[in-house]
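A.B. asks: Below are the sequence and a predicted model for it; my questions follow.
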Amino acid sequence: MGLAGFLAEFRRRGVYKTAAVYAAIAWVLLEVLSVVFQNFEAPAWVFKVITTVFLLGFPVACLMAWGFDITPKGVRLVGFNVEKAAPPAKNLSSVDALPVATAGAPVIAVLAFNNLSADPGQEYFSDGIAEDIITDLSKLTELRVIARNSSFTYKGKPVDLKRVGRELGARYVLEGSVRRVGERVRVTSQLSDASDGLQVWAERYDRDLTDIFMVQDELTLEIIRALRIHLSPEKQQQLTRRSDVSIEAHNLFLRGREQAYRTTAEGNSIARQLLAQAIELSPAFASAHAFVAFTHIDDYVMGWIEHPERSLEFGVAIARRAYEFEPDNPDVLFLMSMALQWSRRLEDSLEFAHRCLQVAPNYAMGWLQLANLLHYLGDEEESLRALDRYFELDPLYPDVALYFRAEAESALGRYQDAVGTLRQRLTRNPRSQTSYALLASCYGHLDRMEDASAAWSEVLKIEPGFSWERRRRILPYKNPETLEQRIEGLRKAGLQV
């Protein structure tokens, strides 16, 4: 850990705050005692002894702030490198070491629940219920769960179950609706067989809003029973909710997460404000801490702030705190892997990526993170295999997944394959300057000079100040030659870089 990281750790553990409070209180007390001792004509040595005691107590108070933390569960020791506590994954170099859904396991898609509340702004709440169910089900190897990105594609559209099942490769589809009225909530849901459109199971829950976590637990377990999946008591216990998170904090978290999903500078800023309020109400809310970390890391990667290095330090420190609170939360493990990746601690990042997928084998973003990380580690074949697993869980994947595939193909020297993949991405996202830059490099390696020049012209149209120096500084390649290979393709095409 560098000096900047060490200072960030001081800030995170509240050492600065403790030092300031201690100094202020000590100064006030000494001033008061000085006046009192003068009035009572106390010996001078008494005041000197008390001053010495205060001075000796200062480093003790700072050490206590460094070593201990006050949580909802009481005072606890804080470790220095908490991320080292992650259980080591076996055979980290192979995707085959990770669990997957058992052969023949049912495939389910959980669609976004409809918001039937009078306030359209409550949509975040209905979305949050569906997403929590997806995350819970993703922990099971007894079924395969389609990713939120794909299943939420049908949000606000008429649902043709057979079409949904066909496009997502899902046998079962869960639909639902949520209506909030004051402090009451009604959740309805139905599970259907997409092959024939017949209903398999349906239920309605009318509860107090404070019971919403219990409703989600019951709903998840009913789905499992309807699919005739038998879980051990231990596995059922893994699906239980956070009892120490208040409803108000959970609402703020859902709103903050929705803003973080925008992946914009403005969205990140708003997300941090909402998530900070959630954490103030429930200090041990691990997922809230995790998404605060996400916004800082996103700001760093995209260069949206004045001091990106400081943002990355914040992201790592906050992700570590989230891990302290909930070490088996897949969101937290995913963010720990991402934070450590961009900090160039690739081996540690890999342990957390594996741990995330051990906890939640159907956690699609965990597979995408693993694929990207393996590329930075230089293991391109394994990166492509991780992407194949990701595509199974997210069949309507975002276009960035195609870019990850093209990066691995290019690094393997499969330039023609990379060209085809990049063309697919540019069809979906014609404003991707990074795709045009990689495309120009591939054309250079293929001796297609005119095509390389045309692709590079598109880069400069979209981002006139496109900088390879920034990418050398930011992109965490274990072997810098991987990036230099890309730049070499541009030089072969006679382009000035």
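C.D. replies: Nice, thanks for sending it over. Fair warning: this is a prediction, and the values are worked out from it, not measured in the lab. Numbers count the residues shown, from 1 in each chain.

A.B. asks: pLDDT weak spots in the stretch 101-250 of the chain?
C.D. replies: Residue ranges of the stretch 101-250 of the chain with pLDDT under 70: 240-243.

A.B. asks: show me where this protein has strands.
C.D. replies: Secondary structure of the chain, counting by DSSP state E: strands at 68-71, 74-77, 107-110, 114-115, 144-145, 172-181, 184-193, 199-208.

A.B. asks: who touches the fourth one?
C.D. replies: Outside strand 114-115, the residues that touch it by CB atoms under 8 Å, 6 or more residues apart in numbering are Gln122, Glu123, Phe125, Ser126, Asp127, Glu175, Gly176, Ser177, Val178. Just so you know, the C-beta spots here come from the backbone N, C-alpha and C atoms, and that holds for glycine as well.

A.B. asks: 10 Å instead?
C.D. replies: For strand 114-115, contacts defined as CB atoms under 10 Å, 6 or more residues apart in numbering pick out 121-127, 130, 155-156, 159, 175-180, 188.

A.B. asks: any idea how far it is from the chain center?
C.D. replies: 25 Å (CA atoms, centre = their mean, to the nearest Å).

A.B. asks: any chance of the strands of the chain in TSV, with mean neighbour count too?
C.D. replies: Shown next, in TSV, are these (neighbours: other CB atoms under 10 Å):
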stretch	mean neighbour count
strand 68-71	14
strand 74-77	8
strand 107-110	26
strand 114-115	20
strand 144-145	26
strand 172-181	21
strand 184-193	19
strand 199-208	14
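
A.B. asks: out of those strands, nearest to Leu333?
C.D. replies: For those, the distance to Leu333 is smallest for strand 144-145, at 16.9 Å, taking CB to CB.

A.B. asks: show me what contacts the residue lying closest to Gln273 once chain neighbours are set aside?
C.D. replies: Leaving out its chain neighbours, the residue that sits closest to Gln273 by CB to CB, 6 or more residues apart in numbering is Gly256, at 7.8 Å. Gly256 is in contact with 124, 267, 270-279, 287-288, 291-292, 295, counting by CB under 10 Å, 6+ apart.

A.B. asks: hmm, 6 Å instead?
C.D. replies: Counting by CB atoms under 6 Å, 6 or more residues apart in numbering, Gly256 makes contact with Ala271, Leu274, Leu275.

A.B. asks: Out of these, grab the one that's most surrounded.
C.D. replies: Of all the contacts of Gly256, Leu275 has the most neighbours under the rule other CB atoms under 10 Å, reaching 29 neighbours.

A.B. asks: Just the CA trace of stretch 191-206, in PDB.
C.D. replies: Output of stretch 191-206 as PDB, limited to C-alpha atoms (Å, rounded to 0.1, in the frame of the first residue of the first chain):
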ATOM      1  CA  LEU A 191     -44.600 -18.400 -12.700                       C
ATOM      2  CA  SER A 192     -45.400 -19.700 -16.100                       C
ATOM      3  CA  ASP A 193     -44.100 -22.400 -18.400                       C
ATOM      4  CA  ALA A 194     -42.900 -20.400 -21.500                       C
ATOM      5  CA  SER A 195     -43.200 -23.500 -23.800                       C
ATOM      6  CA  ASP A 196     -47.000 -23.600 -23.500                       C
ATOM      7  CA  GLY A 197     -47.900 -20.400 -21.600                       C
ATOM      8  CA  LEU A 198     -49.600 -22.300 -18.800                       C
ATOM      9  CA  GLN A 199     -49.400 -21.000 -15.200                       C
ATOM     10  CA  VAL A 200     -47.300 -23.100 -12.900                       C
ATOM     11  CA  TRP A 201     -47.800 -21.100  -9.700                       C
ATOM     12  CA  ALA A 202     -49.200 -17.800  -8.500                       C
ATOM     13  CA  GLU A 203     -49.500 -16.000  -5.200                       C
ATOM     14  CA  ARG A 204     -50.500 -12.600  -3.800                       C
ATOM     15  CA  TYR A 205     -49.000 -11.000  -0.700                       C
ATOM     16  CA  ASP A 206     -50.700  -8.200   1.300                       C
END
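
A.B. asks: so how far is it off the chain centroid?
C.D. replies: Worked out by CA atoms, centre = their mean, stretch 191-206 lies 31 Å from the chain centre.

A.B. asks: correct me, but Val497 touches Gly489?
C.D. replies: No: the criterion here is CB atoms under 6 Å, and Val497 misses it with Gly489 at 9.8 Å.

A.B. asks: Break the protein down into its domains, please.
C.D. replies: 3-80, 96-238, 399-497 (automatic domain parsing).

A.B. asks: The last one: how far from the chain's middle?
C.D. replies: Translated: domain 399-497. Mean-position distance between domain 399-497 and its chain equals 27 Å (CA atoms, centre = their mean).

A.B. asks: hmm, back to that, mind checking which of the strands of the chain is nearest Asp299?
C.D. replies: Among the strands of the chain, strand 68-71 sits nearest to Asp299 (CB to CB), with 26.0 Å.

A.B. asks: any idea of the mean pLDDT for that closest one?
C.D. replies: Averaged across strand 68-71, the pLDDT comes to 47.

A.B. asks: sorry, back to before: output the domains of the chain in JSON lines, with distance to Met336 appended to each entry.
C.D. replies: Listed next are the domains of the chain as JSON lines, based on distance: least, CB to CB, whole Å:
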{"stretch": "domain 3-80", "distance to Met336": "14"}
{"stretch": "domain 96-238", "distance to Met336": "16"}
{"stretch": "domain 399-497", "distance to Met336": "15"}
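
A.B. asks: out of those domains, which comes closest to Gln358?
C.D. replies: Of the domains of the chain, nearest to Gln358 by CB to CB is domain 96-238, at 6.3 Å.

A.B. asks: what's the distance between that closest one and the middle of its chain?
C.D. replies: Counting by CA atoms, centre = their mean, domain 96-238 comes out at 21 Å from the chain centroid.
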